[in-house]
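> got a predicted model here, sequence first, then my questions.
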Amino acid sequence: MSDKKLAIIATKGTLDWAYPPFILASTAAALGYEVQIFFTFYGLQLLKKKLALQVSPLGNPGMPMPMGMDKWFPILGTAIPGMQSIMTMMMKNKMKTKGVASVGELRDLCNEAEVRMIACQMTVDLFDMQQHEFIDGIDYGGAATFFEFAGESDITLYI
């Protein structure tokens, strides 16, 4: 058991918000931390066997866009039908050309590094999700499960 502990709460289910919990968790595990990620609400999307994550440019004005579009393309334009799929494709292509690991690869790395991933049972029940939808090797628990670990953690992050 490690002396250092990192607890992460993952609440977002979009492609851009999938990276922080897995990158931070895998890095901390590589540095010798004991790590747990508690996935709740939309963060549960990150534990599904079939990842169908998209980027949501709407409401994300900090998102850099190609060809300087962030300077001349109004934020409202990101609500045009099909724009989310286009932005997702562009983001995935950019990540691939820059050699950034996929969400699935990072998640597998966390599994290999023995990062404990916990699906919020209340949220699973709330959204009528089934355990067969999720990857193998995760745990199910509630807020009390998270607090048991987070209360002893050196660092707790809400993502």
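Okay, I see it.

> this structure: helices as residue ranges?
For the chain, applying DSSP state H gives helices covering 15-30, 69-72, 83-97, 103-112, 121-126, 143-150.

> spit out the contact partners of the residue nearest to the spatial centre of the chain.
In the chain, the C-alpha nearest the mean C-alpha coordinate belongs to residue 18, at 2.5 Å (CA atoms, centre = their mean). Counting by CB atoms under 8 Å, 6 or more residues apart in numbering, residue 18 touches 12, 45-46, 51, 53, 103. Yep, even glycine has a C-beta here, placed from its N, CA and C like the rest.

> picking that back up, in CSV: the helices of the chain, plus mean pLDDT and distance to residue 137.
What follows is the helices of the chain, written out as CSV (pLDDT from 0 to 100; distance: least, CB to CB, whole Å):
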stretch, mean pLDDT, distance to residue 137
helix 15-30, 96, 14
helix 69-72, 56, 39
helix 83-97, 77, 25
helix 103-112, 96, 6
helix 121-126, 97, 16
helix 143-150, 96, 16
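
> roughly how far does the residue nearest to the residue nearest to the centre of the chain when sequence neighbours are not counted sit from residue 111?
With sequence-adjacent residues excluded and distances taken as CB to CB, 6 or more residues apart in numbering, residue 18 is closest to residue 103, at 4.5 Å. Here residue 103 is placed at a distance of 13 Å from residue 111 (CB to CB, to the nearest Å).

> circling back to that earlier point, which of the contacts of residue 18 has the weakest pLDDT?
Among those, residue 53 has the lowest pLDDT, at 91.

> contact partners for the spatially closest residue to that one that is not a sequence neighbour?
Nearest residue to residue 53, sequence neighbours excluded (CB to CB, 6+ apart): residue 15, at 4.1 Å. Residues in contact with residue 15 (CB under 8 Å, 6+ apart) are 53-55, 88, 91-92, 103.

> what do you get if the cut-off is 7 Å, keeping everything else the same?
By CB atoms under 7 Å, 6 or more residues apart in numbering, the contact set of residue 15 is 53-55, 88, 91, 103.

> look up how far residue 104 lies from it.
In terms of CB to CB, residue 15 sits 11 Å off from residue 104.
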